[in-house]
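Asks: curious how this folds, go ahead:
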Amino acid sequence: MEINELTTAEALVWRAFPKGEPVDFREAAAENAADGADWGPERTIRASVLRALLLSTPQDGEIPRLRLSGARITGHLNLMYAVVDHPLHLRYCHFDESPDLYGTRLRQLNLRGSVLPSVNLASTRIDGPLRMTRCRVRGPVRLAGAEVAGALFLDDAELTTSDPSVPVLQLHQAALGDGFAAPGLRVRGEVLLDGAKVGGSVNLEGAELSNPGGHALRAQSLEVQADIRARRLRAEGGIDLRGARVPGRLDLNWSRLSNPGGMALRASSCVIGELWLFRSEPLDGTLHLRRSRIDVLGFEPEVTPGKVLFNNLTYTALTPHEPAERRLPLLERDGDGYVPYAYEQLAAAYRHVGDEGAARRVQLAKQRRHRATLPWLGRVWGHLQDTTVGYGFRPLRAAVWLLSLLAAGSIAYALHHPLPLKPDEAPHFNPVFYTLDLLLPVISFGQEGAFAPTGGYQFLSYALILTGWILATTVIAGVSRSVTRQ
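Replies: This is a model prediction of the structure:
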């Protein structure tokens with residue numbers, strides 16, 4: 001392309017490119033690129049001119065760089081499979097048509113503040129960062145399979161789409177070397193990060209993701225080298241992180257996650273250092289953490305008022321420290337029904353901080369929940385264990401029962417001595433030790449076999465013997481359970 005074929009604006013850009021000089025057509029720094037459709041020829045650049053410029057051979061001794069701001073770019077900028085050896089800055093520009101950079105090799109790309117119908121950067125390789133800060137895109141941003149050596153910046157960007165079936169931000173299988181920075185990002189549609197690899201952190205603080213009835217964020221098998229920082233995130237639609245690897249923290253403090261009737265947050269089969277939901281609004285939807293491994297799980301009970309799925313969830317510490325009575329209702333809302341493992345994990349978390357009393361209360365609640373799943377005979381036996389010794393977690397109850405029965409029997413037989421079977425050989429009658437002989441099934445004081453009560457007192461002896469066996473059996477069962485647990 002010859003320079004005499006160019007408009008005045010295009011010639012200005014053409015001459016500035018070899019020296020890397022900036023060209024800024026903006027009349028004011030606060031100018032809105034959304035009004036670019038009304039910009040005149042004095043700031044209009046054809047896409048074909050930019051293509052010819054970027055693919056031209058640089059002059060000797062110069063370091064070319066395209067630094068263009070505030071331009072209206074008309075036509076289709078097609079750089080598919082091209083190798084562009086120069087940094088490309090198209091800041092605060094208005095694109096009439098969607099640029100196509102599929103499979104392009106770039107040194108650097110800066111689209112800060114630009115307005116685009118959509119953009120195709122799939123399978124692109126960028127040796128530096130990709131900056132799309134404050135961009136407004138009215139269609140899909142395709143970055144599937146892209147390799148960005150630096151970071152991806154989408155802070156304060158606004159992405160929308162007219163087709164809700166197509167994810168508006170497509171980052172699946174992408175590789176970002178230095179992180180994904182998108183605080184204040186606003187998206188109307190699905191954000192897709194399945195299989196993406198992020199060398200640093202993901203920053204979604206203050207972001208607004210809206211895709212009601214679908215996925216606001218889908219990031220299955222996402223690998224992050226540091227943290228996911230998403231404080232004050234507002235998400236309408238499900239967040240799906242199943243299979244994700246986050247060695248640092250997943251920080252959702254002060255957030256609002258809403259997906260009525262569905263999964264508000266699914267982080268199943270994940271490996272996460274710390275999951276924080278402190279001071280967040282109550283989840284409107286299910287919290288799904290099955291089969292995940294989390295070192296520190298942090299949330300107040302009020303954050304999860306609905307259904308949860310905790311089967312095979314493993315965690316070391318649970319914060320903040322709350323009484324067991326405030327944590328137990330959460331396990332009763334498990335969508336899988338009675339999940340013994342969830343109770344064991346909660347009890348282990350209390351033991352981890354030395355709260356043995358809370359751990360015992362959790363174990364007792366587990367046995368009571370299990371009792372409801374048994375046939376009627378098992379439920380009767382369970383009620384007996386619960387009433388007498390609290391399934392072994394209330395050992396003092398057995399002592400209270402024994403002392404009460406010992407007192408009742410001793411008084412009854414002190415007022416009415418049973419007759420000796422062999423008067424000449426019978427020992428001196430002692431109502432206390434006689435009652436102990438009836439209550440304790442193994443120990444013998446020689447009283448029970450020497451005397452025989454009659455009438456109602458005989459039935460009392462039968463009742464004491466039966467009660468003694470029940471108490472002994474439940475105590476042994478409780479002690480065995482306690483020893484096995486330790």
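
Asks: which residues are in contact with Arg91?
Replies: 68-70, 110-114 (C-beta atoms under 8 Å, 6 or more residues apart in numbering). C-beta: built from backbone N, CA, C; applies to glycine.

Asks: do that again at 6 Å, thanks
Replies: By C-beta atoms under 6 Å, 6 or more residues apart in numbering, Arg91 lies in contact with 69, 110, 112-113.

Asks: so can I have JSON lines of the residues you listed showing neighbour count, distance to Arg327 and pLDDT?
Replies: Shown next, in JSON lines, are the contacts of Arg91 (neighbours: other C-beta atoms under 10 Å; distance: C-beta to C-beta, whole Å; pLDDT from 0 to 100):
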{"residue": "Ser69", "neighbour count": "22", "distance to Arg327": "56", "pLDDT": "95"}
{"residue": "Asn110", "neighbour count": "22", "distance to Arg327": "49", "pLDDT": "97"}
{"residue": "Arg112", "neighbour count": "19", "distance to Arg327": "47", "pLDDT": "96"}
{"residue": "Gly113", "neighbour count": "23", "distance to Arg327": "48", "pLDDT": "96"}
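
Asks: and these, which of them are in helices?
Replies: Among the contacts of Arg91, DSSP state H puts none in helices.

Asks: any low-confidence regions in the stretch 51-200 of the chain?
Replies: Scanning the stretch 51-200 of the chain with the threshold set as pLDDT under 70 gives 58-61.

Asks: just the helices in the stretch 201-350 of the chain please.
Replies: Assigned by DSSP state H, counting those that start in this stretch, the stretch 201-350 of the chain shows helices spanning 324-332, 340-352.

Asks: what's the most buried one of these?
Replies: Stretch with highest mean neighbour count among the helices of the stretch 201-350 of the chain: helix 340-352 (a mean of 19; mean count of other C-beta atoms under 10 Å).

Asks: how far away is Ala157 from Asp251?
Replies: Distance, Ala157 to Asp251, by C-beta to C-beta, to the nearest Å: 21 Å.

Asks: so the residue of the chain most remote from its centre: helix, strand or coil?
Replies: The centre of the chain is farthest from one residue, Asp424, which by C-alpha atoms, centre = their mean lies 79.6 Å away. Under DSSP: H, G, I helix; E, B strand; the rest coil, Asp424 falls in the coil class.

Asks: if I look at it, how far off is Gly449?
Replies: For Asp424, the distance to Gly449 - C-beta to C-beta - is 15 Å.

Asks: quick one: residues in contact with stretch 34-47.
Replies: Here stretch 34-47 makes contact (C-beta under 6 Å, 6+ apart) with 9-10, 25, 71-77, 94, 115.

Asks: now distance to Leu277 too, for the residues you listed, in a markdown table please.
Replies: What follows is the contacts of stretch 34-47, written out as a markdown table (distance: C-beta to C-beta, whole Å):
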| residue | distance to Leu277 |
| --- | --- |
| Ala9 | 52 |
| Glu10 | 54 |
| Phe25 | 47 |
| Ala71 | 45 |
| Arg72 | 46 |
| Ile73 | 44 |
| Thr74 | 48 |
| Gly75 | 49 |
| His76 | 46 |
| Leu77 | 43 |
| His94 | 41 |
| Val115 | 36 |
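
Asks: so which of those belong to helices?
Replies: Taking DSSP H as the definition of helices, the contacts of stretch 34-47 contribute 9-10.

Asks: any idea which of the contacts of stretch 34-47 is closest to Ala359?
Replies: Val115 (58.6 Å; C-beta to C-beta).

Asks: buried residues, stretch 305-317. List them.
Replies: Neighbour-count burial for stretch 305-317, counted by 16 or more other C-beta atoms under 10 Å, picks out 307-313, 315.

Asks: please apply the same query to stretch 14-21.
Replies: So, applying 16+ other C-beta under 10 Å, buried residues of stretch 14-21: 14, 16-18.

Asks: need the residues that contact it.
Replies: Counting by C-beta under 6 Å, 6+ apart, 3, 6, 23, 53, 59, 62-66 sit against stretch 14-21.

Asks: now with 8 Å?
Replies: With C-beta under 8 Å, 6+ apart, stretch 14-21 has contacts from 3, 6, 22-23, 49, 53, 58-59, 62-67, 86.
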